[in-house]
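In: Got a sequence here, can you model it:
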Amino acid sequence: MNRLRYYDVHGVPTEAKAVEGDGPEPSLLPPLEADRLRLELPDRTVVVRRVRPVDRGPGGFAAGCRLLDGEILAGLRLARLSEGRPYPDTVSRLIGYDSDVAEPFALLEPLRGTEIEPLAGKLPTEQRRRFQAGLLRAVRLLNAAGIAHRGLDPRTVRWDGANVQITDFSQAALIGSPRTVTGAPPWQAPEQRPETPPGWHRGDVGPTDDIWAAGRLIFYVLTGEELDDRAKLADRPDLEVLLADVIGSPERRPDAQRLLHRLGEADPPPRPLAADPAFGRGRAEFFAQRRRKHPQTAPPAEPAAERPAEGKTAPAAEPVAVLPPGPAVAPRRGRVVSWLLWGGVAALAVVAVLLVVGR
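Out: Next up, the predicted model:
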């Protein structure tokens, strides 16, 4: 039995006895791996899924550390979004992390359900509508948290018969940050591919980036086929209406709320996560320290507002608009005199109070 030290989602240092958990844990693709631990805390025992980088797979350990950053980014933002209310079942939940050690890791709640690939074309009729609405609500939740998953596919989306669960946030990025190549065909949106098609541009991560994959996953689970041609929608009028423009350009793609409206499930969306400038500063400080200690694992230096937050801080702040300075205006003489008079009155009042107290 070992002592495990980590930070919870509020940044509070925590320590627990950790033993290897029973049973296998759903695997991850290298350079990340997952195992199961049982944590013995003072007031309870919990089973967690530990995710950590390994020195194998594309990019090795350094790439694994950067992917772990995405998992922590998403977990911290979703925790902030859910503060004071029940945590949503539709996304995996971060319990704790430590990314500033020789062997960084993240701790998550165990996954629910099964991967959706075996369910393609076989989902019971009574579960289909719940699956569609659940996946779209999960994407809408990510939008409210200010992130895009960027890796939705049959491996990262799970189903337990009642609820969707989106997992593996290793490719997550802040909405508004520059897009990078990520994901895998056919679920990979054209703007995320190594070479974008003619007429498409890389641009910045947006709230509809995950809609491309979400729409294709809905079609795949309900029909057992890949939506590789718009003509396939013509034989399925219900899906043709729901998924109109889903595989179009990001500018024309409907967002998750619009698709829920088409489905007749447009309940009020969650309130978006408020910006907090302290998180941007914390992120910049964290990566500065990471570059000093482990330069091979840190991303290139860049403005904190353009990248997801990670490490011992919550997410980066959204950029704040700075207005250009206007022409200098001379103060008005009357206003200056008025302020001087009021200042004198205030000073006399303070002196009077001190005299009374002194008695």
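
In: mind saving the C-alpha coords of stretch 14-25 as PDB?
Out: Taking Å, rounded to 0.1, in the frame of the first residue of the first chain, the C-alpha atoms of stretch 14-25 are listed here in PDB:
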ATOM      1  CA  THR A  14      -5.000  15.600  -0.700                       C
ATOM      2  CA  GLU A  15      -3.400  12.400   0.500                       C
ATOM      3  CA  ALA A  16      -4.800   8.800   0.500                       C
ATOM      4  CA  LYS A  17      -3.600   5.200   0.800                       C
ATOM      5  CA  ALA A  18      -3.700   3.700  -2.600                       C
ATOM      6  CA  VAL A  19      -3.900   0.000  -3.600                       C
ATOM      7  CA  GLU A  20      -4.400  -1.600  -6.900                       C
ATOM      8  CA  GLY A  21      -8.100  -2.000  -7.700                       C
ATOM      9  CA  ASP A  22      -9.800  -5.300  -8.700                       C
ATOM     10  CA  GLY A  23     -10.700  -5.900 -12.300                       C
ATOM     11  CA  PRO A  24      -9.400  -4.600 -15.600                       C
ATOM     12  CA  GLU A  25      -9.800  -1.000 -16.700                       C
END
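
In: any idea how far it is from the chain center?
Out: Relative to the chain's own centre, stretch 14-25 is displaced by 25 Å; criterion: C-alpha atoms, centre = their mean, to the nearest Å.

In: Contacts for that stretch, please.
Out: In this structure, residues lying in contact with stretch 14-25 by C-beta atoms under 8 Å, 6 or more residues apart in numbering are 1-8, 34-41, 47-49, 96, 110. Yep, even glycine has a C-beta here, placed from its N, CA and C like the rest.

In: go with 10 Å
Out: Stretch 14-25 has contacts (C-beta atoms under 10 Å, 6 or more residues apart in numbering) with 1-8, 33-42, 44-51, 95-96, 98, 107, 110-111.

In: show me where the stretch 1-150 of the chain has strands.
Out: 2-8, 13-20, 32-40, 45-53, 94-98, 105-108, 114-115, 147-148 (DSSP state E, counting those that start in this stretch).

In: Comparing these, which stretch has the densest surroundings?
Out: strand 147-148 (a mean of 30; mean count of other C-beta atoms under 10 Å).
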